[in-house]
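Asks: coordinates only, no sequence provided:
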């Protein structure tokens, strides 16, 4: 009888470096493709409206003026605090660049009505034809 001696095979090793590279690529892919929710930096309590409509994405984004209740002489354009004179001149330049400009007023429900009228007057002076106001849906009973 002749017995053959079997050679011991070494167990295959897992290459960890390659797995880490694949994991990093997947992580980067997920981070780049994830959409991030935009958080509003100005807290404004919008007035309720039974006629509130959902706004969607459009080719012509509105020019947003935010009016807070607690600031007497300050307006916000793209989250930047400006005075009335700065707020008045900005729609003029924006309307010259885009004749179909839409003015969106994002006013707190307790904001002084006079400030809203001043924003509207500045828009009329800039020959802006379309005005919208941000509201929230009224509570259903």
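Replies: The structure has been received and is ready for your questions. This is a predicted model, so every value here is computed, not measured.

Asks: please state the backbone phi and psi of residue 118?
Replies: Residue 118 has phi and psi values of phi -60, psi -40 when expressed as degrees, to the nearest 10.

Asks: residue 133 pairs with what?
Replies: With DSSP bridges applied, residue 133 shows beta-bridge pairing to residue 105.

Asks: where does the protein have its least confident helix or strand?
Replies: strand 48-49 (a mean of 65; mean pLDDT, DSSP states H and E).

Asks: could you point out which element follows that one?
Replies: Note on strand 48-49: by DSSP states H and E, the next helix or strand toward the C-terminus is strand 63-67.

Asks: what about the helix or strand following that next one, average pLDDT?
Replies: Where DSSP H and E defines the elements, the next helix or strand beyond strand 63-67 is strand 75-77. Mean per-residue pLDDT for strand 75-77: 80.

Asks: and if you look at stretch 2-14?
Replies: Taken as a whole, stretch 2-14 has a mean pLDDT of 75.

Asks: repeat that for stretch 134-141.
Replies: Mean pLDDT, computed over stretch 134-141, is 67.

Asks: kindly report the same for stretch 84-97.
Replies: 82.

Asks: residues of the longest helix seen in the chain that come out buried?
Replies: Counting by DSSP state H, the longest helix found in the chain is helix 16-33. Residues of helix 16-33 include none that count as buried (16 or more other Cβ atoms under 10 Å). From N, CA and C alone the C-beta is placed, and that goes for glycine too.

Asks: one more: stretch 61-77?
Replies: The neighbour-count criterion (16+ other Cβ under 10 Å) identifies 62-68, 75-77 as the buried residues of stretch 61-77.

Asks: which residues touch that stretch?
Replies: Defining contact as Cβ atoms under 8 Å, 6 or more residues apart in numbering, one finds that stretch 61-77 is touched by 42, 44-45, 78-79, 81-84, 86-87, 90-91, 94, 101-112, 115-116, 119, 128, 132.
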